[in-house]
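Colleague: Could you look at this predicted model? Sequence included:
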Amino acid sequence: MSFSFKKPYIFLFVAFFFFKNSISQSDYFQQKVDTYIEVKLNDLEHSLSAYEEIVYTNNSPHSLDSIIVHLWPNAYKNINTAMAKHDVESGETKIRFAPAEQRGYIDSLDFKSDNKRLKWHYYKDNIDIAVVHLNQALKSSESIKISTPFYVKLPKGIFSRLGHIGQSYQVTQWFPKPAVFDKNGWHPLPYLSQGEFYSEFGSYDVKITLPENYVLGATGDLVNGEEEIDFLLHKVKETDSIKNSGNYNMYDLSFPESSKNLKTLHFHQENVHDFAWFADKRYHVLKGEVELPESKRKVTTWAMFTNNEFDLWEKSIEYLNDATYYYSLWVGEYPYNHVTAVDGSISAGGGMEYPNITVIGESYSAYSHDEVITHEVGHNWYYGILGSNERVNAWMDEGMNTYAELRYMEQKYKKDDISMSAGLLSIDNLGSKGLMNLAYQFNAKRNQDQPIQMGASLYTPMNYGSIVYGKTGIGFHYLMAYLGEELFDKCMHAYFDKWKFKHPGPDDLQQVFEETSKKNLSWFFHDFIKTTKKIDYKFQCLKKESDDQYKLKLKNNTGFPAPISITSINKTNNESHTTWIEGFIGDTSLTLSSSIKPTHFIIDESNQSMDIDKTNNVISTKGILKKQEPLKFAFLAGLDDQNKSKIYYAPLLGWNAYDKLMPGIALYNTLIFEKKMEWLIAPMFSIGNKSINGTAKFNYHFYPKQIASKITLGYKGSSYYQGFDAGEKQERWIKNEIRTDVKFKEKSIRNSPLHNLSLKAIRIDDHILSGNFIDPPETENQTSYFGVIDYTIKNKQFLTPKSISLRYIYGQNITEQLVSSFSLTGNYRLNYNSDLKGIELRFFGGYNFYTLNTRYGFFMKGQDGFSDYLYERTYLGRNKYFPNALSQQSSISHGGFKINTPLGISDRWILASNIKVEIPKIPIGVFADIGSYPSILITSSGMQNKVNYLFNSGMYFSLKLNKKEILGVYLPLLYSKNIAETYSYGQSIETINDISFLQRITFIINFNEINPFQIIKNIAP
Ligand SMILES: [Zn+2]
């Protein structure tokens, strides 16, 4: 399967069951499964009626009482299958919300042997795995023939790999198929979209019956297929003439009527572990031939495609031939007679591999068409011939295949041919390898990567691409650069020869590579493959010992002895020389001779080792500040440059009611890739106050190995103006905050809940009103100090995200205590359709141990600018009072009521709950809030404690970015009587009925969620 980086994503279930019981780690053995199927396609109801016979040969030293058989079409049957659940975890909800008519299944099973019925049942809760009990135990070295009819309702081809789009059929993972039984026991694998297969080798003999005007591509060679070959050759002629005339309509994807006459095509193949077929009446056909490099044997290549990307498919025979040639050259000779690629819009990645035949999704460009075809054809080697357990060791097929694919693309295309640019990042011409390295670096730099050796189902979707494919693919290039191409190819050929048509595991691969290269490669096969240790070498110092001798001191921050290359470079005449040195741990000194009078030494000059910090990889032979790099300014965002320290800049424009327009500039050292030390300064000039405002930030990240995955020490300072009374008097406020954030280690990055602890010490210098509302009001300076502890637990469930936050705040100014309060916020969301529309529930409970005045209390309405005493949010008019419209800006905090009143301020406790129901398709919903708080009622008989109950509901409009509300406008329509009665702002208004409907509205702008720094930090790993 190919992995697409086009998507900008940039998710307890263990899919692998070991039956370790009494089986000893005996010598290697391999079962044989020969399969015979007769199948008939019904293209009106999109179903298959079939009869199957399996000859199962037990080459194991054990007797078998039962055989585990996969029934993978049942993965599409309901929302409780392993695939449906795993897809939802990955954020893919199509199958979860699909109507029954779009789903698929397998039934009509009746397993028999010797005409006697066999008992069978599902394996545990998996309806896509069966345990078939044999009437007599199958002894070692005996065979048994098992037969069954079966019926498959094909699902709509939008979920995973099996299905139909109209009358285009992708018939894959479609028949009852025994699981692998090897030295580790049975391997029952529920079908998954992320995570592939493990199957027994054997022969396939399949007869397919369908209307005769279908073009059919399949695993295996046609038996007595002269008539069908003539039919295909006629199609080739037609296709050639369309090619020459250019006379096709890419938008015409209509299906011709099915012929009344049926044909039966018979396919046969030896030494394969799967059988797939693809049928489409619209296919154009091209045929080619490639001569294999070693034996000069000729292999036929076929391409079958629709009008959709006809222009790209025109050249597909070249890609099929080249891929077959180079994989034969680099890995081992292709043992079958044909290689076929068919056009299909499958939903699991850009393409999918089966023996002899691959299906290719939309490619959009010739470059990526070649890349996807080559990748999928390449799976004939890494999967097809070298049949590793893909579910457990996905890197041995996807990753090693990516190595060869990248080598092919680098050899065939010059960097300039590749127009893969991410405009804003100014990273043109990176090539596929560079792009994959970036994807790896994005998560590795923030310590959210996962090891290469791990079960496929345990990866986050992003890491499945950037680790299994990317890090492995680039890693094998690193190993090749270290061993040298010739020795590396020798190792790969030795691996192919020893393990073709077998089930190699990681140890088998390591053993062949070490035996052939006569080197200890545990740094690669253990540290690089099985851990998340990063590679980071740096220069410490350099001493010139003689004219051509340099003493270099290096440090390995890596923790494992990975070999590295050191290049001496003479920048004046562009000469360079590269030496590989064996890995070491800690510091080392070495003396290098270089006759080229180097101006610089560079570690890993050609980007082979995936070094995590390229900024310490260069040292100059001249000057005192040998490691000092010149500064370079760059717009917005980019990549680290090993020769220059980059400072990024971006223009800013801000506005608030007091500072008015504020042009400014943000200067920072990184936007996309996390750095240990990060800083940002963003000065802004206030046109209103003729002053410099702005924000400055500094973060230092640690990545401890135990308990926490990241600890951040940070400082943030910000200062702007606020006003009092209609904005006449303006005063500066200054906030200084130091914080420690602890992101606790998760058991699984994919699905364990997140635990975060944050400790903050905050100093606020602002002004408070000292007198009454006179004009201009008198204000006095206040310096206040706060300590805040936040603890948040958040799950990663895509359909039902929930979180709990606990908060304690202590605050005082120079003379007195201001606040001591505790609060708990709970959030729960239930997404009810595939557009992720949902119902949201929120709960808030707060208790004040002490408050000096109402500003530090709890508010039934969320905090506004005035009550946001920690200056945590951005308000357009921080202290604007009613009736100024800016005073209607609120936040979903505290009681979360959405009605613009000063109702319900509590200096004791508060309880509130909010519900929001989103309406399908439109950005509108309904909301309701309930809450309760105590107050003191002064009556003629004295003071009386009273508990108030409030209610409020209405409609809202909401704009979201990354599933988070960035703008919300809330129209309260119904509210409890006490809200109406307690309404009073200023002197003249007595009840809410005295203000207009528009003035009761509240609005929310979530500035924090539109901050690009925050958006990037929030990207799921
Ligand atoms: Zn693949």
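Modeller: Arrived safely, thanks for sending.

Colleague: show me where pLDDT drops low in the chain?
Modeller: Along the chain, segments meeting pLDDT under 70 span 1-26, 345-349, 415-429, 623-629, 642-643, 725-728, 771-776, 980-994.

Colleague: Next up, the contacts around the one residue in the stretch 551-700 of the chain that gets nearest to the ion.
Modeller: Nearest residue of the stretch 551-700 of the chain to the ion, counting by C-beta to the ion: residue 610, 20.2 Å away. C-beta: built from backbone N, CA, C; applies to glycine. For residue 610, the contacting residues are 437, 440-441, 444, 471, 474-475, 478, 534-535, by C-beta atoms under 8 Å, 6 or more residues apart in numbering.

Colleague: Please put the alpha-carbon coordinates of stretch 931-946 into CSV.
Modeller: Extracted in CSV, the C-alpha atoms of stretch 931-946 (Å, rounded to 0.1, in the frame of the first residue of the first chain):
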residue,chain,number,x,y,z
GLY,A,931,-26.7,27.0,36.8
SER,A,932,-26.9,27.6,40.4
TYR,A,933,-25.1,29.9,42.9
PRO,A,934,-25.7,31.3,46.4
SER,A,935,-26.5,34.9,47.3
ILE,A,936,-27.4,36.9,50.3
LEU,A,937,-30.8,38.4,50.3
ILE,A,938,-31.3,41.5,52.4
THR,A,939,-34.8,41.7,53.7
SER,A,940,-36.6,43.7,56.3
SER,A,941,-36.0,40.8,58.7
GLY,A,942,-32.3,40.8,58.1
MET,A,943,-29.9,38.8,55.9
GLN,A,944,-31.0,35.6,54.4
ASN,A,945,-29.0,32.9,52.4
LYS,A,946,-30.5,32.1,49.1
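
Colleague: Give me the buried positions along that stretch.
Modeller: Neighbour-count burial for stretch 931-946 flags 931-933, 935 (criterion: 16 or more other C-beta atoms under 10 Å).

Colleague: try stretch 477-497
Modeller: 477-483, 487-488, 491-496.

Colleague: so what's the closest residue to residue 702 other than its chain neighbours bridging to?
Modeller: Computed as C-beta to C-beta, 6 or more residues apart in numbering, the closest residue to residue 702 that is not its neighbour in sequence is residue 711, at 4.5 Å. Taking DSSP bridges, one finds residue 702, residue 742 as the beta-bridge partners of residue 711.

Colleague: My read is that residue 711 contacts residue 741, right?
Modeller: Yes - Residue 711 lies in contact with residue 741 (C-beta atoms under 8 Å); the separation is 7.1 Å.

Colleague: ok, the strand ranked longest in the chain: who's next to it in the sheet?
Modeller: If you go by DSSP state E, the chain has its longest strand at strand 942-961. Here strand 942-961 is paired, per DSSP bridges, with strand 924-939 (antiparallel), strand 964-975 (antiparallel).

Colleague: before we move on, back to that, most neighbours among the contacts of residue 610, which one is it?
Modeller: residue 471 (31 neighbours; other C-beta atoms under 10 Å).

Colleague: Check whether that one really touches residue 403, as I assumed.
Modeller: No - under the criterion of C-beta under 8 Å, residue 471 makes no contact with residue 403, lying 10.8 Å away.

Colleague: could you pull out the helices for the stretch 251-400 of the chain?
Modeller: Listed in chain order, the helices of the stretch 251-400 of the chain (DSSP state H, counting those that start in this stretch) span 310-313, 316-330, 366-378, 394, 400-412.
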